[in-house]
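J.: Here is a sequence with its predicted model. Questions after.
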Amino acid sequence: MAESAKPGLRIREGDCAVLKRDEVFKAVLVLRRRKVIFEKQWFYLDNAIGHIYGTTFEVSSGGSLQPKKKMEETTTETKEAGTDNRNIVDDGKSQKLTHDDIKALKDKGIKGQEIVQQLIENSTTFRGKTEFAQDKYIKKKKKKYEAVITIVKPSTRILSTMYYAREPGKINHLRYDTLAQMLTLGNIRAGNKMIVMETCAGLVLGAIMERMGGYGSVIQMYPGGGPVRAATSCFGFPESFFNTLYEFPLSKVDSLVSGTFSSETLPSEPEYNVPVEEESNGSLDEKQTLIQETEEESSTEAVMESNETEEQETMDLAAEDTEYKESKEKGNKENIREKQRKQQERRRKLVETAALLEEKNADGLIVASRFHPTPLLLSLLEFVAPSRPFVVYCQYKEPLLECYTKLREKGGVINLKLSETWLRNYQVLPDRSHPKLMMSGGGGYLLSGITVTVEKVQSNVSSLEAQKIEEPTSKKRKLQELDC
Amino acid sequence: MSFVEYGDTIKDGDTAIVFLGHESMFPVKVQHGSKTQTKYGVIRHSTDLIGKRYGSKVTCSKGGWVFILHPTPELWTMNLPHRTQILYSTDISLITMMLELKPGSIVCESGTGSGSLSHAIIRTVAPTGHLYTVEFHQQRAEKAKEEFQEHKVEHLVTVKNQDVCKNGFGVSNVADAVFLDIPSPWEAIGHANSALKIEGGRICSFSPCIEQVQRTCLAMEEHGFTEINTLEILLRVYNVRTISLQIPDLGKAAEDNSSTGFDSSNQSNQGSLYGILQQGTAQFKSGVPLKEMVGHTGYLTFATKSLF
């Protein structure tokens, strides 16, 4: 059975769960006696284990989580309110409680709700505010002092929103609605044989795997030594999903296309493609710290972004280091045998994956990486069957312009479309509905199309004529531009 | 072929998409002995289609040619016969992801309309999920049923002809997600709540007017839905064009070697910037937006049903 049954309902130790407070998300590993920091609060997840996903908690003193009962909203008695702000002066003195007063209340263990009430009572301007302004004030104070955390189950929706907000650099600024378009335009579904090339920490891969439900197969192309799947492990897929997940090095693609592939030279160590459960304790901790560290200053984030691959390598080198030292103690012979066995297994898998690619019958191609898309598309499309969709994401528009042109020249594709989506959030309240103040400035661009059978074209035909031959005649160009 | 599974060759009974060129295609029901007229001539199903590989080029009787494509819900959305205004792939993509649909999901939808979203949902929840779709218009409900059968997906969908606001979806506590695209969605929120699983699920309501959205959000709140969030998504398409702009003639400065005017010696320097094709023009590739774009389809309101 491909999808997991009921068990996914409750929070278990070892799960990757997502903490949510208002619009802020953070993925964490659920481990006992492990301090977690989220939104300026420190706590342990121990009490959350066993609860159903979606439960809301409060952080009590000592850092333990207490489930919060859904309480009735404080009755809306007809409060005294003003009509407009013509007499309200912002002199910074309207709140009579000082910073220390509030701290004292917090230290006493007073509940957030009570603190908010205190703030309202000690505000000289509150009564003069309009009802709407009072509403806004209360919401703002609640947000600050009534800290509730919901623990939610990871999904593409949640993880893609989280990554876009927290670590957009890691996913090439792929906004979640753009990812949504890719999944649909690419007709990602159960039973497909997909080729994926992404450098988005494994988020795109995870999204694709979620939509395939464990059916079909995915071949992930990777640059360098191995694929990064940090985000993929957050989804919490059952082991079986990984049985039909393959990987293939980009450095071997040319040889595969030209027919000179050999498994003799494997890409250099280290390997990343290990699901969370298999990693040694060392790297698990490091991964957790990695996830946690992102909470801190944005400067670290910038550094992290640029050192992304290096960090992963140091992480895994450290893991390999410990591994190596341990096995050295066991004895060199065993160590050599183990290494040989692993190498053979990797070689076997590589040959198997190469065979899958050589069938040239993939049901689709998804590309979302930091690399220039044109060479990737031109070579990887070789492995895709005719009449199948492909989607390429790029943070920038210009490379996709070039890609489009090269694809037109090459032929074998139709229905090419270059697009982006525009996303806008709304505040919906009685008499106060409007789009929100800020919106995302850009979420990247997509180039999509459908493959068709390639006709053999005479070698003496120029590329321009080849272009014309590939497209049906009597097409009127909307604009009178020169196309050369 | 099937809308939920790829096939390699065209078979009798398939629904295939005939692609004539940019933005020009239509669906065709493949049948032995049938003929289809296109502006390039006739396509004879028995000889030109059946047995051919999807993605093949087919030459029509007048000499022009077309491509025959495997159907997908996205191609279907662009080509289906409209009985109502439909949802397009841009909105459908966001809905699919925000409702967390995947294989095995149970989904309730109303109204079925022309079946655009329905086909997309069926594709995503296959092979183990199910779509319960409710349509209060009898003929539309009938047509939808027919199409699902023709497209060989009837085992994944149940069509009910009733009013969701009065009688709900016909199922209780089974759905992972509910989708509403009806005139008065606030009247169906209660029914949506009972259709959703007890342990929770997601809901989405699509409305063109903000007043509808306001009422719906209020109803959601009253029924205990959380994470209520309204947004809209729009698609911007770009045409890839090579543009040539003329370099203006700013005249020549008088007899000066150190002239900074746009004379021929300078031009070659500037040329390297833009790839000057011929004297006086600069050429570049551009992604040109269309003259008009869709500015509004509807507001999408999402929310979560949870035990807490």
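T.: That came through, no problem.

J.: going forward, measure contacts between C-alpha atoms and count neighbours the same way
T.: Fine.

J.: do stretch B:103-112 and chain A meet at all?
T.: Yes. Among the residues of stretch B:103-112, B:Pro103, B:Gly104 lie within reach of chain A under Cα under 8 Å from any Cα of the partner chain.

J.: Give me the contacts around that stretch.
T.: If you take Cα atoms under 8 Å, 6 or more residues apart in numbering or on different chains as the criterion, stretch B:103-112 is touched by A:3, A:189-190, A:211-213, B:118, B:121, B:124-136, B:140-141, B:144, B:164, B:169, B:174-182, B:195.

J.: same thing but 7 Å
T.: Residues outside stretch B:103-112 that contact it (Cα atoms under 7 Å, 6 or more residues apart in numbering or on different chains): A:190, A:211-213, B:118, B:124-135, B:164, B:169, B:174-182.

J.: That one: end-to-end distance?
T.: 20 Å (Cα to Cα, to the nearest Å).

J.: any idea how far the most centrally placed residue in chain B is from chain A?
T.: Ranked by distance to the mean C-alpha position of chain B (Cα atoms, centre = their mean), the top residue is B:Ser89 at 2.0 Å. Taking Cα to the nearest Cα, to the nearest Å as the measure, B:Ser89 falls 7 Å from chain A.

J.: Which elements pack onto the longest helix belonging to chain A?
T.: Taking DSSP state H as the criterion, chain A has its longest helix at helix A:332-358. With contacts defined as 3 or more Cα pairs under 7 Å, 6 or more residues apart in numbering or on different chains; DSSP states H and E, helix A:332-358 has these neighbours: strand A:245-249.

J.: quick one: strands adjacent to the strand it packs on?
T.: Strand pairing for strand A:245-249, using DSSP bridges, gives strand A:217-222 (parallel).

J.: Name all residues that make contact with the residue in the stretch 51-200 of chain B positioned nearest to chain A.
T.: Nearest residue of the stretch 51-200 of chain B to chain A: B:Gly55, at 4.3 Å (Cα to the nearest Cα). Neighbouring residues of B:Gly55 by Cα under 7 Å, 6+ apart: A:Pro386, A:Ser387, A:Val452, A:Thr453, B:Phe67, B:Ile68, B:Leu69.

J.: does it sit in a helix, a strand or a coil?
T.: coil (DSSP: H, G, I helix; E, B strand; the rest coil).

J.: can you tell me the average pLDDT over the longest helix of chain A?
T.: Rounded to a whole number, the mean pLDDT of helix A:332-358 is 92.

J.: list the buried ones in it?
T.: Residues of helix A:332-358 classed as buried by neighbour count (16 or more other Cα atoms under 10 Å in any protein chain shown): A:Asn335, A:Arg347, A:Lys349, A:Leu350, A:Val351, A:Thr353, A:Ala354, A:Leu356, A:Leu357, A:Glu358.

J.: Residues of the stretch 301-450 of chain A that sit close to chain B?
T.: The stretch 301-450 of chain A comes close to chain B at residues A:386-387, A:401, A:415, A:418-426, A:428-430, as judged by Cα under 7 Å from any Cα of the partner chain.
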